[in-house]
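**Q** give me a 3D structure for the following:
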Amino acid sequence: MSVILFSCNQPGKMPVVQQETDHPPIDREEIWRESDRRIQVGSFAPDILLPKLFPGDKTNLDSLQRKEHILLFWASWCDDCQREMPNLLAIQQKYPSITWISISFDNEIQKAQNYIRKHKLNGTHLFDARNWRGPASEDYAVPLHGIPYIIYVDENGKIRWHGGTAKGLEESLDNRT
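**A** Below is the predicted model:
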């Protein structure tokens, strides 16, 4: 698959560039709609309302109020997600008090569940199999960022860091006050 990426070279002029990727294609009109959803450090993290991957999971997402947490957008088929997973697991072990919420973009629940079990990823696991068009994907502009996409939210519900690498997340956590 390919995705349309834009880069500014003149005010108002944005050339289209094709790039091989496992991310879905996004049309020009959709890019402009998505770009209005700016995820910035210091802004409040949008709520996430998605079904849980493991129905017996007792975690109540409302209980995250006033708690630090990490949002991880990923898919089992994503090569970059697979490369980052060992580093993300190490961060989970280094910071056990931080809650993790993973949002899978797999098309099949079983594939996502198997991947989580295999890698022993802790946390609450949500499922957004709407081809990158679910509410969380739109609210966090995931198609613009790609996956893995990681967001660190502080105890006040504000975004303190976001990006695509475990290294960046770890540096942010190491430098928090």
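
**Q** C-alpha only now, for contacts and for neighbours.
**A** Will do.

**Q** tell me the centre residue of the protein?
**A** Central residue of the chain (CA atoms, centre = their mean): Phe73, 2.7 Å from the mean position.

**Q** and the helix or strand where that residue lies, which strands flank it?
**A** Taking DSSP states H and E as the criterion, the element that holds Phe73 is strand 69-74. Strand 69-74 pairs in its sheet with strand 99-104 (parallel), strand 149-153 (antiparallel), by DSSP bridges.

**Q** and the angle from whichever helix or strand comes after the first one to strand 69-74?
**A** Scanning the chain past strand 99-104 towards its C-terminal end, the next helix or strand to appear is helix 109-119 (assignment: DSSP H and E). Following axes from the mean of the first three to the mean of the last three CA atoms, to 10 degrees, one obtains 120 degrees for the angle between helix 109-119 and strand 69-74.

**Q** ok, Ala136 - contacts?
**A** Asp47, Ile48, Leu49, Leu50, Asp128 (CA atoms under 8 Å, 6 or more residues apart in numbering).

**Q** quick one, grab the pLDDT at the first one.
**A** Spelled out, that is Asp47. pLDDT, the model's per-residue confidence, is 83 for Asp47.

**Q** can I get the strands paired with strand 69-74 in JSON lines with mean pLDDT and mean neighbour count?
**A** Compiled in JSON lines, the strands paired with strand 69-74 are given as follows (pLDDT from 0 to 100; neighbours: other CA atoms under 10 Å):
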{"stretch": "strand 99-104", "mean pLDDT": "93", "mean neighbour count": "22"}
{"stretch": "strand 149-153", "mean pLDDT": "94", "mean neighbour count": "24"}
